[in-house]
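Asker: please find the sequence and the predicted model below.
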Amino acid sequence: QVQLVESGGGLVQAGDSLTLSCAASTRTFFMGWFRQVPGKEREFVAAIRWTGGGADYSESVWGRFTISTDNVKNTVYLQMDSLKPEDTAVYYCASGIGGSMRDARHYRSWGQGAQVTVSS
C-alpha cells in the first residue's frame, strides 16, 4: 500500500495561486489529483505519469493548473493559478495502478485530502 501525505491547502482569494504537494512512499504508474465538494462525486482534476510525463487535465482546469513531479522526492505537485470560487473543494492525490488516468477506479491509494477555499 502506497502511503500519500498531502500538504498546501488553504484559503485564498479569487485570482490567487496555490500549490498542493503530495509525497508518496513509492512510485506506481501515475499520480492523479481529484477534488470533491459535499454532495457531489469525486471529480478528476489532473494526472501525470512518473516516467515520461504525459499529463492530462480536466477541461475545467486546463490552462490554469499544472501538475508536475519530483522523481527524486517521489512528490507530485499541483500548481493552481487564477483560482476561482468554483475551485473550492477538498483535493485528494492518488496513486494510479494502470488504465485510464481519469477514472478514480484505477487508483489504489489516496491521500488524506487538503481543503482549498477560494473566496470571491
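Answerer: Right, received. Where do you want to start? Numbers count the residues shown, from 1 in each chain.
Asker: just checking, what packs against the lowest-mean-pLDDT helix or strand in the chain?
Answerer: Ranking every helix and strand in the chain by mean pLDDT, DSSP states H and E puts strand 53-57 at the bottom, with a mean of 90. Under the contact definition 3 or more Cβ pairs under 8 Å, 6 or more residues apart in numbering; DSSP states H and E, strand 53-57 sits against strand 43-49, strand 65-70. Yep, even glycine has a C-beta here, placed from its N, CA and C like the rest.
Asker: neighbouring strands for the first one, and are they parallel or not?
Answerer: Which is strand 43-49. strand 30-36 (antiparallel), strand 53-57 (antiparallel) (DSSP bridges).
Asker: and the first one, what's its mean pLDDT?
Answerer: For strand 30-36, mean pLDDT is 98.
Asker: that strand to strand 65-70, inter-axis angle?
Answerer: Here the directions of strand 30-36 and strand 65-70 differ by 140 degrees (axes from the mean of the first three to the mean of the last three Cα atoms, to 10 degrees).
Asker: many thanks, I have nothing further to ask.
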